[in-house]
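Asks: this one's sequence-less:
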DNA sequence: AGGTGATCATCT
DNA sequence: AGATGATCACCT
C-alpha cells in the first residue's frame, strides 16, 4: 500500500472511539482517497489492505511490529468483514501459536490473553460482490471478553496447548476448540517451524495461528447491540 | 523464520 | 453453503 504518513495517534480511549465512530458510514474508496492511495481491484493479492487502511485512519502505531496497535492504550485493532446479515464472513486471526517452550504456560500470562484483553473491532462490509471501494465501514466497538467469553477462550486454549505439549500438534485440526481454533499461518505449506513430536523428539511442522471462530465474533458483535 | 495485516479457495 | 487448510504482501 505504501502509506508514508499516518494520522496522529489518539491519546485516550475516548479519542480513539470518537475517531472510529467518525469513520462509520464512509466507504473504503473515500478513506483511500483521503489517505492518498488507490484501492486494489480486490483483496486477492492485498489481503491485509482493509486493516492497514483503518490503521492509517486511526493512527495506529505498531505497523507490523509485535506490539499492540495502540501501545499507549493497550488496544488491538481488528477489522472484521461482515455479511449482508451483519455476521462475520471470516474467522479472525489473533496471533501465532507457540509450539516449543510451552511447558508450564498458563492462560493468565499467555500472549493470546493479552492480545484479546482489549480490542477495537471495526466491522466492514465484506461481501465479494460489493466492489472493494464501495464497501462501507460500520460502527466500531471496544470490547473486552466477559466472564463467559474468557472461560470459553481459556478452555479451548488449554485443550490446544495440552495437545501441543503432548506432541500432538499435527493431529490438531480446525475442528478442535469451540470458539478458538488452531490453523496454519504461513506464507505457504512449505514453511516449517520446530515443534514437539509424539515421542518428545523435535519435528518440523507448519507454523500455526490461533483464530476466533465466526460464531464467537458474531456473538460479541451482537452483544454490543443488546 | 517469525511477525504484522488478513482472505482465498478447495473440500466436505 | 460453510468451514478448514492454504495462501498473499510486507516488515524485521
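Replies: Good, I have the coordinates. Because the structure is predicted, anything quoted here is derived from the model rather than measured.
Asks: C-alpha only now, for contacts and for neighbours.
Replies: Fine.
Asks: anything in stretch A:94-110 near DNA strand B?
Replies: Yes: for stretch A:94-110 and DNA strand B, the contact criterion (C-alpha under 7 Å from any atom of the strand) is met by A:94, A:95, A:96, A:97, A:98.
Asks: Closest to DNA strand C out of those?
Replies: Minimum distance to DNA strand C across the residues of stretch A:94-110 next to DNA strand B is 10.4 Å, recorded for residue A:96 (C-alpha to the nearest atom of the strand).
Asks: Please see if the top helix by length along chain A touches DNA strand C.
Replies: The helix spanning the most residues in chain A, taking DSSP state H as the definition, is helix A:147-165. No: Helix A:147-165 is not in contact with DNA strand C by C-alpha under 7 Å from any atom of the strand; minimum separation 12.6 Å.
Asks: Tell me the gap between that helix and the middle of its chain.
Replies: When distances are taken as C-alpha atoms, centre = their mean, to the nearest Å, helix A:147-165 is centred 17 Å away from the chain's centroid.
Asks: can you check stretch A:188-206 too?
Replies: Worked out by C-alpha atoms, centre = their mean, stretch A:188-206 lies 24 Å from the chain centre.
Asks: average pLDDT across it?
Replies: If you average the pLDDT over stretch A:188-206, you get 97.
Asks: Report the residue spans of chain A with pLDDT below the cut-off.
Replies: Scanning chain A for pLDDT under 70 picks out A:1-6, A:62, A:64, A:226.
Asks: Apart from its neighbours in sequence, what residue is nearest the spatially most distant residue from the centre of it?
Replies: Centroid-distance maximum for chain A: residue A:199 at 33.1 Å, with C-alpha atoms, centre = their mean. Once flanking residues are discounted, residue A:199 sits nearest to residue A:167: 6.9 Å by C-alpha to C-alpha, 6 or more residues apart in numbering.
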